[in-house]
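> Okay, predicted coordinates and the sequence, questions at the end:
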Amino acid sequence: MQRKSSISLGAIYYWWLVAVLFAPIFLLIIFSFNNSTQLVFPFKGFTLQWYAKLLESREMLEAVRTSVFLGIGSSLLSTSLGALGAIAITRFKFAGKGAFTAVAAMPLVIPYIILGVSLLIMFNEVGIHLSAWAAGLAHVVISLPYALLIITSRLVGFPANLEEAAMDLGASYWGALMRVTIPICSPALVAAFLICFTISFDEFAIASFLVGTQPTLPVYLYSQLRFPTRLPLVVSLAAILMVVSMIVVLLSEWLRRIGQEPSQRS
Amino acid sequence: MSASAVELRNVTKVFTSGRLAEGDEVYAVKDANLTISQGEFFTLLGPSGCGKTTTLRLIAGFEAPTRGEIYIQDQPMVAVPPNNRPVNTVFQNYALFPHMTVAKNVAFGLAIKRVPPAEQEQRVKESLELVQLADMGKRRPSQLSGGQQQRVALARALVNQPAVLLLDEPLGALDLKLRKAMQLELKQLQKQVGITFVYVTHDQEEALTMSDRIAVMNAGVILQVGDPVSLYERPASRFVADFIGESNFFAATVVSLQDGRIQARVGDEPVTVSLGEGQPQAGQQVSFSVRPEKMRIDPPQQSPAEALSGVVQEVVYIGTDTRYMVLLDSGERAVVRVQIGCAADLGRFQKGDRVKVHWNPEDARTLSG
Amino acid sequence: MENRQRITFLIGPPALYLLLFFLLPMGIMVFFSFRAGMMGAERNILTLDNYREYLTNAFFHRLLFRSALIAFTISLISVLLAYPLAYYLVFHTGARRVTLLTLTIIPTWTSYLLRIFAWKLILGSTGLLNSLLLTLGIIERASPILIYSRTAVMVTLVYVWVPFVALPIFAALERIDRNLLEAAADLGCKPWEAFLRVTLPLSLPGVVAGFFFAMIPTLGEFVTPLLVGGAQGSMYGNLIQDQFMRALNWPMGSVMSLAMLAVVALLLFLFTRVASISDLLEI
């Protein structure tokens, strides 16, 4: 029913948008191999020197280490809390379920600056030192809604009385969770973990307030932007991070899909 | 060795939503008293919402009674959680664990009890053979048909050799033909293993086919307990008479009562019925029921003295029987089923014919409620 | 009842966590906004001075208002750009539509900071775009107008938001029963008429959702203005950041944050209102 010209118009628009969306990423990746200290046209020749120099930067490697540990730590906590919450939400009725879900979802819409600033105040009052772990505590708050969403989506696809069946056969309630519920969720748990990791790993706004003297990678990167000579290194690092992020997200999405029953839509 | 497998004493279950005022409670089960014998095939029968599934869950331990006690093999179950009770359940939706093979599903209960692997394997094998799924061990539940999944659920429960097997409308999701075949299989299986079965269904035909005894429930109350024949031939209440099979209901005034026989009048015509429930006095109103196939229909001149007069309203031919809807002079309606034994039975009466309906006194019983 | 015990153990940990690290800090921030100062004895004096100062300073209000306006514009443009994208995917790409949608989402999962940084490199006076134009001979001198301006902030943020905003619009369009469009055609509607009368109204809940989910976080944006905004491109979020990191006037910063939170709450309230009106339209 649509005229041919409007179909191709849509296609042109779509691919143009995709090109614009990916352009910065690809440009960064391409220019990370550029044999020049300046990010200008034309391309001056292929080199791997910047990647080599990356490995020599101790500070940068420290920041990578910090970000990785922070990401793993906050993701483990976020996924665990998300799993507990998801089981409660899908299997039980209780007063306050709506309130909990609403509060858990709020970090999705509240500006990160407010989250960062309020935690800064609280840590200061209570006497918690600013560090990567402080940022990690904040990261759990912002990634928890994602974990909840991913795990809940998986759980609702299964009959609600699997735990009862396990108990009927002799398992305790927590035994039923360990033997039946958690194994069933495992693709969702891994997908949630990966998403939470990505969120934490890439997060800058909140981390900038809370990391203190232990910069995460984004915070470190930002601090390097003032030095023009270090630009190529930053670009190389950026290229690596972007590629890794994309792979992780694709992996997570693939896991989420294969884990779904055929009767579910994505 | 006790003869009682399950006993319920004055069991009441109330579900309260905290916001309701006092007196607004929902009685899921009200004052239930039941004794189920060892080795019986016992059915809880009733319409949706009558409390039969709640009663089953009370026996299984998924709900705790608000009042009353439950005994399994004479042991009180008051503080015993479901995983410690000697019962196993076959769920309506089978509840098979999707992430395990059929064999692992069946072995689940044994694995929890830490039965040695070799013994597990042996018992699983026997259990699967019992339900005729011998080579399905390595499959996943999603690869099986509904009927096969149901058998796996059965095997998974039976392998634990429970004292009582609870079945919650297990055949509900199967198509008619498969359901009828499974009904017979389940009955035979029960005889074979000798375990007490407590079966829940809303299908009265299913209950009559399979059960040793049936408890009919409505609105949380157990109305009548008995074997299929007793329930069918001698229903105690209007609900039971109506729920199981078909019944005609009539109102009559008592004239006299003697030796279990009641002389009464329907309108101004005399009838004789049997005493079922209650102690009616002369002059009182009673209601009684007669099954359509137990009613006889004849032209007025050929009827016995005690019969009710009426006019044929509808004639429905259903192959094996003819159904006559008769509007009685007293204003009530009667349905009469006449078997067509030979060609001569066809078309005995037409719409508009004046007829009389009658019965043997032992086929009519007074009811309570 | 055992159920209650289980629910407590399950919902307890996440609920407690949110209480401690999300709600409690907000509460402390409210308390902080009444503090006289950061040092010594001033810490224990509670006062309304900060509020007074905030309410009388026109600069703060103007900046908040301007930031809201910027956020509004960005969200509006994002929605206008995202709608055709979602429409095309839902109605013209068939079975591949989810994959194609995912393709647009993938870049958003790479680092936010890095992508803005990339735009900075592209738009800057020694950046790629300028050098490309120079090399091609289109311009003679590097033009700095692309960077360090409010426009740069808006372009960058629109770039970030379009895929996100496309998601709820996509979902809303997908949910539209195709039979409705067939019925409209059957009753004489031309394609664009059917769009205006059927598709657009039914997709509005998704559009509204996308709009608000873009506008609310953008209110508090400070990273993008920091990188590409320069002096003119500064937003309210930068003001707050300043109070906490440089001026070290945390009580004032708290007041500012609460002011922004009030606007966020207003927007959320508006959203629930508009959403229910859209529900009515759906009938």
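Cool, the structure landed.
> C-alpha only now, for contacts and for neighbours.
Fine.
> Look up how far chain C lies from the single nearest residue of the stretch 101-250 of chain A relative to chain B.
Relative to chain B, the nearest point of the stretch 101-250 of chain A is residue A:170 (3.9 Å; CA to the nearest CA). As judged by CA to the nearest CA, to the nearest Å, residue A:170 and chain C stand 16 Å apart.
> Before we move on, what's the pLDDT of the closest residue to that residue other than its chain neighbours?
Spatial nearest neighbour of residue A:170, chain neighbours left out: residue B:83 (3.9 Å); criterion: CA to CA, 6 or more residues apart in numbering or on different chains. Looking at residue B:83, its pLDDT reads 89.
> Hmm, residue A:167 and residue B:83 touching each other?
Yes. Using CA atoms under 8 Å, residue B:83 makes contact with residue A:167 at a distance of 4.9 Å.
> Can you mark which positions in the longest helix along chain A are buried?
The helix that spans the most residues within chain A, counting by DSSP state H, is helix A:58-91. Neighbour-count burial for helix A:58-91, counted by 16 or more other CA atoms under 10 Å in any protein chain shown, picks out A:60, A:62-64, A:66-89.
> Does chain B have contacts with it?
No. Using CA under 8 Å from any CA of the partner chain, we find that helix A:58-91 stays clear of chain B, coming within 14.3 Å at best.
> Can you pull the residues of chain B lying near chain A?
Taking CA under 8 Å from any CA as the contact definition, chain B meets chain A at B:60, B:62, B:82-84, B:87-89, B:91, B:93, B:95-99, B:108-109, B:112-113, B:157, B:160.
> quick one, helices of the chain?
You didn't say which chain, so I picked chain A. A:4-31, A:49-56, A:58-91, A:97-105, A:112-126, A:132-155, A:162-168, A:173-176, A:182-202, A:205-210, A:217-224, A:231-258.
> wait, I meant chain C there
Assigned by DSSP H, the helices in chain C fall at C:2-18, C:24-32, C:49-56, C:58-92, C:97-105, C:112-123, C:128-136, C:150-174, C:178-186, C:191-194, C:200-219, C:223-224, C:236-245, C:250-282.
> Comparing those, which yields the minimum mean pLDDT?
Sorting the helices of chain C by mean pLDDT places helix C:128-136 lowest, at a mean of 72.
> Tell me who's in contact with residue 252.
Just so you know, I chose chain A. Neighbour list for residue A:252: A:190-192, A:194-195 [criterion: CA atoms under 8 Å, 6 or more residues apart in numbering or on different chains].
> not quite, I wanted chain C
C:33, C:50-51, C:54, C:243.
> Need the max-distance pair from those.
Across these, the longest distance by CA to CA is 14.5 Å; it joins C:51 and C:243.
> hmm, back to that, of the contacts of residue C:252, which is the most crowded?
residue C:33 (24 neighbours; other CA atoms under 10 Å in any protein chain shown).
> now that we're looking at that one, how far away is chain A from it?
11 Å.
> confidence score at that residue?
Residue-level pLDDT assigned to residue C:33 equals 86.
> cool, and the one 5 residues further on?
According to the per-residue confidence, residue C:38 scores 74 in pLDDT.
> backbone phi and psi for it, please?
Main-chain dihedrals, residue C:38, degrees, to the nearest 10: phi -90, psi -30.
> can you check residue B:249 too?
Main-chain dihedrals, residue B:249, degrees, to the nearest 10: phi -120, psi 130.
> Could you find the closest non-adjacent residue to it?
Among residues not flanking residue B:249 along the chain, residue B:289 sits closest, at 4.6 Å (CA to CA, 6+ apart).
> Centre of the chain to the helix or strand hosting the one you found, how far?
Residue B:289 belongs to strand B:285-290 when assigned by DSSP states H and E. Chain-centre distance of strand B:285-290: 23 Å, with CA atoms, centre = their mean, to the nearest Å.
> Tell me which residues touch the residue of the stretch 151-300 of chain B found nearest chain A, please.
Proximity of the stretch 151-300 of chain B to chain A (CA to the nearest CA) peaks at residue B:157, 7.3 Å away. Residues in contact with residue B:157 (CA under 8 Å, 6+ apart) are A:169, B:88-90, B:106, B:165.
> Which segments of chain B make up each domain?
Using automatic domain parsing, the domains assigned to chain B come out as B:4-241, B:246-366.
> which residues touch the residue in the stretch 101-250 of chain B that chain A sits nearest to?
Nearest residue of the stretch 101-250 of chain B to chain A: residue B:109, at 4.7 Å (CA to the nearest CA). By CA under 8 Å, 6+ apart, the contact set of residue B:109 is A:166, A:169-171, B:156, B:160.
> what separates residue A:248 from chain C, distance-wise?
Using CA to the nearest CA, residue A:248 is found at 9 Å from chain C.
> Which residue, other than its chain neighbours, is closest to that residue?
In space, and not counting its chain neighbours, residue A:248 is closest to residue A:194: 6.6 Å by CA to CA, 6+ apart.
> how about the contacts of residue A:252 in TSV, adding pLDDT and neighbour count?
Output for the contacts of residue A:252, formatted as TSV (pLDDT from 0 to 100; neighbours: other CA atoms under 10 Å in any protein chain shown):
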residue	pLDDT	neighbour count
A:190	91	20
A:191	89	27
A:192	92	32
A:194	90	25
A:195	89	25
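> now those residues as a markdown table including distance to residue B:295?
Output for those, formatted as a markdown table (distance: CA to CA, whole Å):
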| residue | distance to residue B:295 |
| --- | --- |
| A:190 | 70 |
| A:191 | 70 |
| A:192 | 70 |
| A:194 | 75 |
| A:195 | 74 |
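> Between these, which sits nearest chain C?
residue A:195 (8.9 Å).
> Thought residue A:247 was touching that closest one, still the case?
No. Assessed by CA under 8 Å, residue A:195 is found out of contact with residue A:247, at 11.3 Å.
> do you know how far the closest residue to chain A within chain C is from chain B?
In chain C, the residue that lies nearest chain A is residue C:217 (4.3 Å; CA to the nearest CA). The spacing between residue C:217 and chain B, counted by CA to the nearest CA, is 39 Å.
> Would you enumerate the residues in contact with that residue?
Here residue C:217 is in contact with A:109-112 (criterion: CA under 8 Å, 6+ apart).
> Residue of the stretch 51-200 of chain C nearest chain B, please.
The stretch 51-200 of chain C approaches chain B most closely through residue C:95 (25.0 Å), counting by CA to the nearest CA.
> can you count the residues close to that residue?
Per other CA under 10 Å, the neighbour tally for residue C:95 reads 10.
> Chain neighbours aside, what residue packs nearest to residue 172?
I went with chain A, as the question did not name one. For residue A:172, the closest residue by CA to CA, 6+ apart turns out to be residue B:83, at 6.3 Å.
> actually it's chain B I care about, not the one you picked
residue B:92 (7.1 Å).
> Likewise for residue C:174?
residue C:90 (6.1 Å).
> is it true that the one you found touches residue C:100?
No. Using CA under 8 Å, residue C:90 is not in contact with residue C:100; the gap is 10.1 Å.
> Settle it for me: which of those two has more neighbours?
More crowded of residue C:90 and residue C:100, by other CA under 10 Å: residue C:90, with 22 against 15.
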